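Colleague: for reference, the sequence and a predicted model appear below.
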Amino acid sequence: MRIELTEVLWLNQHHELHIVELAELSGLSEAEISELVDCGALAPINADTAQLLFDAQCLVIARTACRLRDDFDLSPQGVALALILLDRVHDLEAQVGNLRARMPHRLP
Amino acid sequence: MKYKDYYSILGVERTAVDTDIKKAYRKLARKYHPDVSKEPDAEAKFKDISEAYMTLKDSEKRAAYDQLGKHPPGQEFRPPPDWQREFSGARFAADDVDLADLFASLRGGQHRGGQDGGRMPMPGQDYEVSVHITLEEAFHGTKVDLDLTMPEYDANGVLHRAAHAFKARIPKGATDGQRLRLPGKGGKGFNGGRDGDLYINVVLHPHSLFRVSGHDLYLDLPLTPWEAVLGATVQVPTPSGPVRLKVPPGTQGGQQLRLSKRGLPKPGAGEGDLFTIVQIVLPSVIDEREKALFKQLADGSTFDPRGHYDKEVAYENRTH
């Protein structure tokens, strides 16, 4: 059986998503996304609140938000707090990883 | 299909009331939720916990589950003959689906798929997979084979597990933690709902020489004392092949020498850098001639690497 090659889409800062698309793909409602923006857990790339745009990396955050909401019955405020703390944990883990990479490993 | 004991997964009695089931779920979810847990196998454990809770928290699903009887976990079993008519309404291939598929297909006593299911459009389920790639694959880009089985309804409205095979292109520049999306490659949508998506989480396999920091690479560069003092041109490996690196005279241990744009490619354009970290290494065994040369150097050199000790001690004594 011939399997066709599937091209993937990057989820990074070079691709944009409209709030409608972000809601459809993440499982959050537009109102929930706006609330996460207000709480500082999601950062749009424009200031036009009627036409909020996000980089595609926000889809990863929004999907996490949807899982946390469903799996822990969290309010939008609770989701926002969890996301901000998780972001801080990931940032610290990345810093530790980067410092480890910079440390010589080979024993003299 | 294989039996799963949802009560023992949640650690509750079969007679547990709803609040106890919820309490047990919340406790386990805090421990094993893959977004917050560092426990080994957290993802697989949470899948079982979530599956058990989704069924037991719903009174109709719980009643349907209880009617399946109690079997040893993992044992093959078939639902009783009248079970399907009484609780499901959906037709399914018992050898081909698992308990999770079966109970996910029940929505408060109604099955959601098939030709006579609810009329609300329902999007298909999203799936996430981790793909492990090597540094060389991250550098050049690669193709990966993905084999997934997903529950879906066939043309006759019978629920079964279908195998899906994909070949996905991992573009160059995708490094550790990068997420990629394959639109429409998740579960089939119901009643005109869109198909789900497949998400790839790229995991970079550690390399024996290069350490990765974003798109930059770090490589230990062992040098002899005389190469460090006198300078040298040495050959070093890079992901695109060996290059010659000029080590300036007087290079110190710990110093970083940068090979510009020799790191991993970045999505879009550009490349990270490759940093070599100098380590001055002594031979573990030296012969008499080498020993004599070091002795000659020791006798002739005025270099004192601990010359600052006395000055610092005197300064500290003066100020405290």
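Modeller: Looks like it arrived, so ask away.
Colleague: any weak-confidence spans in chain B?
Modeller: B:88-90, B:94, B:107-118 (pLDDT under 70).
Colleague: can you give me the strands in it?
Modeller: B:91-92, B:106-107, B:110-111, B:127-133, B:142-153, B:158-170, B:179-182, B:198-204, B:211-213, B:216-223, B:232-236, B:243-247, B:256-259, B:274-280 (DSSP state E).
Colleague: now render those strands as TSV, adding mean neighbour count and distance to chain A.
Modeller: (C-beta placed from N, C-alpha, C; glycine too.) Below are the strands of chain B laid out as TSV (neighbours: other CB atoms under 10 Å in any protein chain shown; distance: least, CB to the nearest CB, whole Å):
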stretch	mean neighbour count	distance to chain A
strand B:91-92	20	25
strand B:106-107	18	15
strand B:110-111	18	20
strand B:127-133	15	9
strand B:142-153	16	7
strand B:158-170	16	5
strand B:179-182	20	4
strand B:198-204	20	7
strand B:211-213	21	4
strand B:216-223	21	4
strand B:232-236	13	13
strand B:243-247	14	16
strand B:256-259	15	8
strand B:274-280	21	5
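Colleague: and the stretch 1-150 of chain B, which residues reach chain A?
Modeller: By CB under 8 Å from any CB of the partner chain, the part of the stretch 1-150 of chain B that sits against chain A consists of B:26, B:29-30, B:33, B:35-36, B:50, B:123, B:126, B:143, B:145.
Colleague: mind checking which of the residues you listed land in helices?
Modeller: B:26, B:29-30, B:50 (DSSP state H).
Colleague: of all those residues, which two lie farthest apart?
Modeller: B:R30 and B:S50 (12.8 Å; CB to CB).
Colleague: more neighbours: these two, which one.
Modeller: Neighbours were counted for B:R30 and for B:S50 using other CB atoms under 10 Å in any protein chain shown; B:S50 has more, 20 against 12.
Colleague: low pLDDT regions in chain A?
Modeller: For chain A, the ranges with pLDDT under 70 are A:1-2, A:106-108.
Colleague: all helices of it, in order?
Modeller: Taking DSSP H to define them, one finds helices in chain A at A:19-26, A:30-38, A:57-72, A:76-102.
Colleague: now render these as JSON lines, adding distance to B:Y218 and mean neighbour count.
Modeller: Formatted as JSON lines, these follow (distance: least, CB to CB, whole Å; neighbours: other CB atoms under 10 Å in any protein chain shown):
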{"stretch": "helix A:19-26", "distance to B:Y218": "35", "mean neighbour count": "19"}
{"stretch": "helix A:30-38", "distance to B:Y218": "36", "mean neighbour count": "17"}
{"stretch": "helix A:57-72", "distance to B:Y218": "25", "mean neighbour count": "20"}
{"stretch": "helix A:76-102", "distance to B:Y218": "5", "mean neighbour count": "14"}
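Colleague: mind giving me CSV with those helices and columns for distance to A:L9?
Modeller: Shown next, in CSV, are these (distance: least, CB to CB, whole Å):
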stretch, distance to A:L9
helix A:19-26, 11
helix A:30-38, 19
helix A:57-72, 10
helix A:76-102, 22
